[in-house]
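Peer 1: build me a model from this:
(chains A, B, C and D)
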4 protein chains.
Amino acid sequence: MAVFEYQRRVRYADTDQFQAAHHSRALLWFEEARTELLRALGRPYQEFERAGFFFPVREASCRYRSLARFDMLLAVAIDSVEVRGASLRFDYRVTCGREAIVEGYTVHACVDRAGKVVRLPADLREIFARA
Amino acid sequence: MAVFEYQRRVRYADTDQFQAAHHSRALLWFEEARTELLRALGRPYQEFERAGFFFPVREASCRYRSLARFDMLLAVAIDSVEVRGASLRFDYRVTCGREAIVEGYTVHACVDRAGKVVRLPADLREIFARA
Amino acid sequence: MAVFEYQRRVRYADTDQFQAAHHSRALLWFEEARTELLRALGRPYQEFERAGFFFPVREASCRYRSLARFDMLLAVAIDSVEVRGASLRFDYRVTCGREAIVEGYTVHACVDRAGKVVRLPADLREIFARA
Amino acid sequence: MAVFEYQRRVRYADTDQFQAAHHSRALLWFEEARTELLRALGRPYQEFERAGFFFPVREASCRYRSLARFDMLLAVAIDSVEVRGASLRFDYRVTCGREAIVEGYTVHACVDRAGKVVRLPADLREIFARA
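Peer 2: Numbering: from 1, shown residues only, chains lettered A, B, ... in the order given. Prediction:
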């Protein structure tokens, strides 16, 4: 069971001349799902940036299963969130109905404004522990 | 005669399912040409941002003449730069060989870090006067 | 009163280092609003493409009023649709609450698969006449 | 020693509000490098599409080493190309001077116009064997 699910249309500007969403868009769908997960958990992402915590991507990986066509309504599921000392890992699964579109994960460092790696803020740990 | 010319390939990720560059990309080509013009004039854009001057777009306008296909080598000409008290206007013409692709202009305010409109820095006036 | 209104968050990938949405994104918001208008009118855009009608942008114009910050919930209003013989014009107004963000318009040709300008399909005329 | 190297500036529209290129852009840099490799080998990519061969991405993976700032001149090296029966793998390393920016790989299927997996065209095998 997914931790969270976010729905998102494939937009015209997402497509390329192969008549489907460009593969780089999967990383945007993952990012939008993370943003909406935090909002759903009551702690919008920008609160962390305002408090001086940033979460740059250290690793990103995708396996593409089938093409995402224009106007498809995608379900972007976050299947798990792994909270480590100073980093986070999210696993994603994008589907359209029963059709697998793309799976992947991202790993994020937690850094301060100067780019120094710091421990995850306690409240972020807590909300993900509850999720 | 153009003030400056910048060459740029149409990339795969620029295309959409209509088999040509998405119309929004023209604004990116214009921006890249502005960046390269400033470099050619010896004052890279980031020097202005470091000095506290920013140039947000206030108006942008495009007339599309023909489609820009994948891998076309575009010439993005800056035809004129109009320097005003606290703003700038650039006129662009994008061609591929003799074929007109898109024409347009952008108007930029000059603002400080707080977003307040300020007079253009003197050295920016000078380099455009020479151009 | 707007013909139609579409709501859209400013996404992280929409922002640039000036800490607001890149100006080119306005054209994507306009496009998404057009897509949703057609869906709301019962004739999704891809039905026209399948029937051999395409609507490339011939003109696009934007006036930026204030910056769209990350995570703002934008209302993209289509204020009017002007149906001509072989082209269409849409007028847009993007706001966030009472704050004006950007206004603009796009003009679209109606072409067939070969790129030849053709008259607008009759059903498109009808649905816009009703709107 | 890299098979090929492609140089590419970080553009303003590549940046996000974290003041560096958005992580999704690495996939665009990889793609541009593949396009330029094929051109350098004398067989531009569109010739394959015209002949009915397409190379959709099946896997993509990135490890981000340091941030790519606006206007950095990146060297996108293709370190190896692995030619399989009906797929291809490219390994990439992006640097700016001595600084590692991002490493990654992509795996591509070879499909025909209908999306059916087919053997790589013989001339593509040959040019990569020589490279």
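Peer 1: name the residues of the strand or helix carrying A:Val102 that come out as buried.
Peer 2: Assigned by DSSP states H and E, A:Val102 belongs to strand A:99-109. By neighbour count on 16 or more other C-beta atoms under 10 Å in any protein chain shown, the buried set for strand A:99-109 is A:101-109. C-beta: built from backbone N, CA, C; applies to glycine.
Peer 1: and if you look at stretch A:50-64?
Peer 2: Using 16+ other C-beta under 10 Å as the test for burial, stretch A:50-64 gives A:53-64.
Peer 1: and it, average pLDDT?
Peer 2: Averaging pLDDT along stretch A:50-64 gives 97.
Peer 1: get me the contact residues on chain A for chain B.
Peer 2: A:12-13, A:15-17, A:19-20, A:22, A:24, A:70 (C-beta under 8 Å from any C-beta of the partner chain).
Peer 1: host element of A:Pro30?
Peer 2: Actually, residue A:30 is Phe rather than Pro. helix A:25-40.
Peer 1: what angle sits between that helix and helix D:25-40?
Peer 2: Put simply, helix A:25-40 runs at 180 degrees to helix D:25-40, going by axes from the mean of the first three to the mean of the last three C-alpha atoms, to 10 degrees.
Peer 1: helices or strands next to helix A:25-40 in the packing?
Peer 2: strand A:4-9, helix A:45-50, strand A:57-64, strand A:73-83, strand A:87-96, strand A:99-109 (3 or more C-beta pairs under 8 Å, 6 or more residues apart in numbering or on different chains; DSSP states H and E).
Peer 1: contacts for the fifth one?
Peer 2: This points to strand A:87-96. A:2, A:26, A:29-30, A:33-34, A:55, A:58, A:68, A:72-82, A:100-110, A:120, A:128 (C-beta atoms under 8 Å, 6 or more residues apart in numbering or on different chains).
Peer 1: ok, residues contacting the helix or strand bottoming out on mean pLDDT in chain A?
Peer 2: The weakest-scoring helix or strand in chain A, judged by mean pLDDT, DSSP states H and E, is helix A:122-130 (a mean of 88). Helix A:122-130 has contacts (C-beta under 8 Å, 6+ apart) with A:38, A:41-43, A:48, A:53, A:81, A:83, A:88.
Peer 1: on that earlier part again, dump the strand holding A:Val102 to PDB, restricted to CA.
Peer 2: Output in PDB follows, covering the C-alpha atoms of strand A:99-109 (Å, rounded to 0.1, in the frame of the first residue of the first chain):
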ATOM      1  CA  GLU A  99      -0.700   0.100 -16.700                       C
ATOM      2  CA  ALA A 100       2.800   0.600 -15.100                       C
ATOM      3  CA  ILE A 101       4.400   3.700 -16.500                       C
ATOM      4  CA  VAL A 102       7.600   4.200 -14.500                       C
ATOM      5  CA  GLU A 103       9.100   3.200 -11.200                       C
ATOM      6  CA  GLY A 104      12.000   4.900  -9.400                       C
ATOM      7  CA  TYR A 105      13.600   6.400  -6.400                       C
ATOM      8  CA  THR A 106      15.300   9.500  -5.200                       C
ATOM      9  CA  VAL A 107      17.800  10.000  -2.400                       C
ATOM     10  CA  HIS A 108      18.100  13.400  -0.800                       C
ATOM     11  CA  ALA A 109      20.700  14.900   1.400                       C
END
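Peer 1: neighbouring strands - and their directions - for it?
Peer 2: Taking DSSP bridges as the criterion, strand A:99-109 forms sheet pairs with strand A:57-64 (antiparallel), strand A:87-96 (antiparallel).
Peer 1: now A:Arg65. Nearest residue, chain neighbours left out?
Peer 2: In space, and not counting its chain neighbours, A:Arg65 is closest to A:Ala100: 3.8 Å by C-beta to C-beta, 6 or more residues apart in numbering or on different chains.
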